[in-house]
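Chemist: Build me a structure from this.
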Amino acid sequence: GTVRPGPAHQDRTMSYYDRESDARAKETAEKEEKEEIDVEDMVLMSRFTGALALKNIETRFYRKKIYSWVSSILVSVNPYRDLGLYAQRYFDLYAHDAPKNKAPHVFGVAKAAYRQLIFPVNQRKNQSILISGESGAGKTEATKLLLRYFAEQSKRQTHATANPEGDEGIEQMATIETKLLDANVVLEALGNAKTMRNDNSSRFGKWINIYFNETGKVLTGSIIKYL
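Modeler: So this is what the prediction gives:
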């Protein structure tokens with residue numbers, strides 16, 4: 001007659017395959033840990049896992065590249081020091097269309113949102129930027145950098161387009177932008193606190209609305225705080 005493996009034999013076989021699979025996974029993970037990965041957009045990685053993503057972010061961080069893309073999502077790591085990434089030359093680089101293959105940067109997020117808000121005229125859409133992260137991740141600083149980008153673009157549009165109000169109009173625009181930027185300072189003074197991770201941690205959330213006219217100039221804005 002035919003002898004069929006019983007349940008005990010099947011369990012032993014399954015256990016063997018499980019151990020073999022675990023061993024291969026462990027070997028692969030060890031190889032991946034030794035590899036040096038430096039990819040700007042992790043969507044383009046030949047193999048994507050959580051471990052490889054963290055390895056890529058770590059490698060780039062130690063090379064003073066604190067930003068990485070995951071498609072249109074920007075991943076950032078707070079370096080807790082000035083790396084000179086926000087000088088005027090960086091704003092100038094991300095203020096224009098070319099080159100298309102720019103390195104990941106918070107100004108790149110602002111640029112993409114600004115362009116889709118203003119251009120092309122027949123396809124304009126309201127834009128939202130979500131900034132999230134744990135305490136000390138750099139959310140407040142990222143917010144201020146985004147506001148700075150929009151303020152600078154607004155000033156450029158004010159100077160580039162015809163301005164019937166002359167210097168008074170430019171001065172008015174500068175006042176609106178300054179108020180938006182300075183409002184953050186007031187909110188930080190009243191609503192921030194020292195934590196174990198961060199000396200200046202926001203204890204509240206912010207919903208910021210910025211309104212532009214058809215040429216890309218800032219008209220007004222509002223900040224709503226919530227706990």
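Chemist: Specify the local secondary structure of the spatially most central residue of the chain.
Modeler: In the chain, the residue lying closest to the centroid (C-alpha atoms, centre = their mean) is residue 74, at 3.3 Å. The local conformation at residue 74, judged by DSSP: H, G, I helix; E, B strand; the rest coil, is strand.
Chemist: In contact with it, which residues are there?
Modeler: With contact set as C-beta atoms under 8 Å, 6 or more residues apart in numbering, residue 74 has these partners: 67, 68, 104, 105, 106, 108, 109. For the C-beta atoms, the positions are set from N, CA and C on the backbone; glycine is no exception.
Chemist: What segments of this protein are helices?
Modeler: Under the criterion DSSP state H, the chain contains helices at 7-34, 50-62, 88-95, 106-118, 139-160, 167-191.
Chemist: Pick out the shakiest of these, pLDDT-wise.
Modeler: Mean pLDDT values for the helices of the chain show the minimum at helix 7-34, a mean of 59.
Chemist: The residue nearest to the centre of the chain pairs with what?
Modeler: residue 69 (DSSP bridges).
Chemist: shouldn't residue 136 be in contact with residue 200?
Modeler: No. Residue 136 is beyond contact range of residue 200, at 9.1 Å (criterion: C-beta atoms under 8 Å).
Chemist: Neighbour count for these two, which is higher?
Modeler: When neighbours are counted by other C-beta atoms under 10 Å, residue 136 and residue 200 differ, and residue 136 comes out ahead with 16 against 13.
Chemist: For residue 210, see how far away the more buried one is.
Modeler: 26 Å (C-beta to C-beta, to the nearest Å).
Chemist: Likewise for residue 110?
Modeler: Going from residue 110 to residue 210 by C-beta to C-beta gives 11 Å.
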